[in-house]
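for reference, the sequence and a predicted model appear below.
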Amino acid sequence: MNIGLIAHDAKKKLMQNFCIAYRGTLCKNQLFATGTTGRLIEEATNLSVHKFLEGHLGGEQQLCAQIENNQIDLVIFLRDPLAPKSHEPEITNIYSLCDMYNIPLATNLATAELLIKSLDRGDLEWREIFK
């Protein structure tokens, strides 16, 4: 499965800790992330991550293109709802595309853990059929 990983600045440490905790599951999948988030995940976990540009420099748009081409199966986007972003349209676009293409999307730690545990159990294998 191809997993997209994004974290706003205030959530990057949380994303690192999440990836450390679920390294065993994540290492069995292909990981894609915006630039800084991907680098931090690699440093913390030694996992291989395909890194797009930094989010505000177009990385979120690159992830959107992958979603539109049905090349992402799951997105974990740990976002900071209290800090508005100048590139909010790209962020909103990720939500819309996940809805349009039936891509499971987690925007907080609780949902991210549910999706990763579901992935580990094989509950998301329907994505392979859906493609």
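That came in fine, so what should we check first?

which residues does the lowest-mean-pLDDT helix or strand in the chain contact?
The least trusted helix or strand in the chain, going by mean pLDDT, DSSP states H and E, turns out to be helix 126-130, with a mean of 74. For helix 126-130, contacts defined as C-beta atoms under 8 Å, 6 or more residues apart in numbering pick out 1, 73-74, 102. Any C-beta I mention is one placed from the backbone N, CA and C, and that applies to glycine too.

same thing but 6 Å
Here helix 126-130 makes contact (C-beta atoms under 6 Å, 6 or more residues apart in numbering) with Asp73.

same check on stretch 62-72?
Residues contacting stretch 62-72 (C-beta under 6 Å, 6+ apart): 2, 4, 52, 93, 97, 101, 103, 131.

the same query, at a cut-off of 7 Å, please.
Applying C-beta atoms under 7 Å, 6 or more residues apart in numbering, the external contacts of stretch 62-72 come out as 2, 4, 6, 32, 34, 52-53, 90, 93-94, 97-98, 101, 103, 131.

next one: the least confident helix or strand of the chain to chain centre, how far?
18 Å (C-alpha atoms, centre = their mean, to the nearest Å).

can I get it in CSV, CA atoms only?
Provided in CSV are the C-alpha atoms of helix 126-130 (Å, rounded to 0.1, in the frame of the first residue of the first chain):
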residue,chain,number,x,y,z
TRP,A,126,-10.2,-3.6,-0.7
ARG,A,127,-8.0,-0.8,-2.0
GLU,A,128,-6.1,-3.3,-4.2
ILE,A,129,-9.4,-4.4,-5.8
PHE,A,130,-10.6,-0.9,-6.1
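
quick one: the strands in the protein?
Secondary structure of the chain (DSSP state E): strands located at 2-7, 30-33, 49-51, 74-78, 105-106.

list the neighbouring strands of the longest one plus their orientation.
Going back to what we said before, that points to strand 2-7. strand 30-33 (parallel), strand 74-78 (parallel) (DSSP bridges).

pLDDT of the longest one, averaged?
In this model, strand 74-78 has an average pLDDT of 96.

and for stretch 105-116?
What stretch 105-116 shows for mean pLDDT is 97.

of all the strands paired with strand 2-7, which lies closest to Ala112?
strand 74-78 (4.7 Å; C-beta to C-beta).
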